[in-house]
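Asks: 3D, please:
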Amino acid sequence: MNRIAIGQLCSSSSHDHNLERVRYLTEQALKQDVRLVFFPEATDYISRSAAHSKVLAQKTPVFVEQLKKTIVELCSRYGKPIDVSIGVHLPPDELDVSKKDDRVKNCNLYINHEGKIIQSYQKLHLFDVDVPNGPITRESDSVQPGNELPAIVNTPVGKLGTAICFDVRFPEMSLKLRSNGAEILCFPSAFTMKTGEAHWQILGQARALDTQCFVVMPGQQGEHDVYADTTEEPPQNSVKRSSWGHSMIIDPWGSVIIKADPTSNEPQLIVADLDKSLQEKTRTNMPLWKQRRRDIFGSYV
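Replies: Presented below is the predicted three-dimensional model:
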């Protein structure tokens, strides 16, 4: 069985609140015989500022340890395995601190049913956008960029290539993951409302068509409570942060298999069975990887 799921949620600034949601959705996935459940970017927390993020990241290792124990406990209770792919922030390590870099790491963890971290991928492309007379967003102010392409993970449902959010806009990354053996690509995200409405689904379908992979798009959805970790009242002029959501799973032909309900900000689980025969047929009938002009474009594809 190649059954996967996306656990869509609206993370707050409270690790405990978010872990509770992850536990609930993972349990629901187990009840439906899901083998691998995907959660969005920044599932551990959404902060109210760069400084706040650096403080909250110090608590994430505890969140991860609790999640590992939760996975093992749930698998034992239901007598069957499930793996978890989840986006978190990790604090800087000793080497970073020695270089006076206190920025956090935006990572995606692959945790297997035994509670072991099989992979930790650090986001390569950071969302730095300065629109004239428009919004200024600089993820790099608080987040360190990664420097390594993730290895392909052999999962119970196929070979997985991992990316995070803004990475989806760089097709060369997806192409390289496909060349390295990926059958499934995931893009855990917290897309903004404006960019989500314009490009979220288009980008997911484009990467599916580029690579002939299943594309998994777990998204944060709704208005985030960034004061959930404190009794402090939010300032009247505090900026609201909302995420686009619209989580979806796309097949190698570019068709959307299933998508989340965009009208609900409650935690949602969407489930799909991956039809590997469709992927084989797509790749056989349109053999793009045999036809690529590596003599012209190089080995990155």
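Asks: Show me the helices in the protein, by range?
Replies: 15-31, 50-57, 60-78, 94-98, 171-179, 193-211, 276-285, 288-291, 294-297 (DSSP state H).
Asks: So which bits of the first one are buried?
Replies: In this case it means helix 15-31. Using 16 or more other Cβ atoms under 10 Å as the burial criterion, the residues of helix 15-31 that qualify are 15, 17-19, 21-23, 25-30. Placement of C-beta: from N, CA and C, glycine included.
Asks: and which of those is nearest to Q144?
Replies: Here the nearest of these to Q144, counting by Cβ to Cβ, is H15; it sits at 20.5 Å.
Asks: Was I right to think that closest one contacts F63?
Replies: Yes - the criterion here is Cβ atoms under 8 Å, and H15 meets it with F63 at 4.6 Å.
Asks: circling back to that earlier point, which among the helices of the chain is found nearest to Q236?
Replies: Of the helices of the chain, nearest to Q236 by Cβ to Cβ is helix 50-57, at 18.1 Å.
Asks: Let me know the closest of the buried residues of helix 15-31 to I258.
Replies: Among the buried residues of helix 15-31, and counting by Cβ to Cβ, the member closest to I258 is A29, at 13.7 Å.
Asks: so what's the closest one up against?
Replies: A5, G7, V37, I82, L269, V271 (Cβ atoms under 8 Å, 6 or more residues apart in numbering).
Asks: so of the residues you listed, which ones are in strands?
Replies: Under the assignment DSSP state E, the contacts of A29 contribute A5, G7, V37, L269, V271 to strands.
Asks: Make JSON lines out of these and add neighbour count.
Replies: As requested, those are exported to JSON lines (neighbours: other Cβ atoms under 10 Å):
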{"residue": "A5", "neighbour count": "29"}
{"residue": "G7", "neighbour count": "27"}
{"residue": "V37", "neighbour count": "26"}
{"residue": "L269", "neighbour count": "21"}
{"residue": "V271", "neighbour count": "17"}
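Asks: and which of those residues is nearest D225?
Replies: Closest to D225, out of all of the ones in strands among the contacts of A29 and judged by Cβ to Cβ, is G7, at 18.1 Å.
Asks: Report pLDDT for that closest one.
Replies: The model reports G7 with a pLDDT of 98.
Asks: Show me what it is bridged to.
Replies: Under DSSP bridges, the beta-bridge partners of G7 are L269.
Asks: got a list of what it touches?
Replies: Per Cβ under 8 Å, 6+ apart, neighbours of G7: 21-22, 25-26, 29, 37-40, 218, 267-269.
Asks: Mutual contacts of H15 and F63, please.
Replies: D44.
Asks: so how many other residues sit close to F63?
Replies: 22 (other Cβ atoms under 10 Å).
Asks: Please tell me how far it sits from V22.
Replies: Distance of F63 to V22, given as Cβ to Cβ, to the nearest Å: 9 Å.
Asks: With V97 instead?
Replies: 29 Å.
Asks: cool, Q8 as well?
Replies: 11 Å.
Asks: Likewise for S242?
Replies: S242 is 20 Å from V22, by Cβ to Cβ.
Asks: Repeat that for N180.
Replies: 29 Å.
Asks: what's around L124, how many residues?
Replies: Neighbours around L124, by other Cβ under 10 Å: 18.
Asks: before we move on, what about S140?
Replies: Quick note: S140 (other Cβ under 10 Å) scores 13 neighbours.
Asks: Ignoring the adjacent residues along the chain, who's closest to it?
Replies: Ranked by Cβ to Cβ, 6 or more residues apart in numbering and with sequence neighbours excluded, the top spatial neighbour of S140 is L126, at 4.6 Å.
Asks: Next, that neighbour: phi, psi?
Replies: phi -100, psi 150 (degrees, to the nearest 10).
Asks: and the gap between it and I4?
Replies: For L126, the distance to I4 - Cβ to Cβ - is 27 Å.
Asks: Please apply the same query to V168.
Replies: 18 Å.
Asks: Also R178?
Replies: Taken as Cβ to Cβ, the span from R178 to I4 is 18 Å.
Asks: I am finished for the moment; much appreciated.
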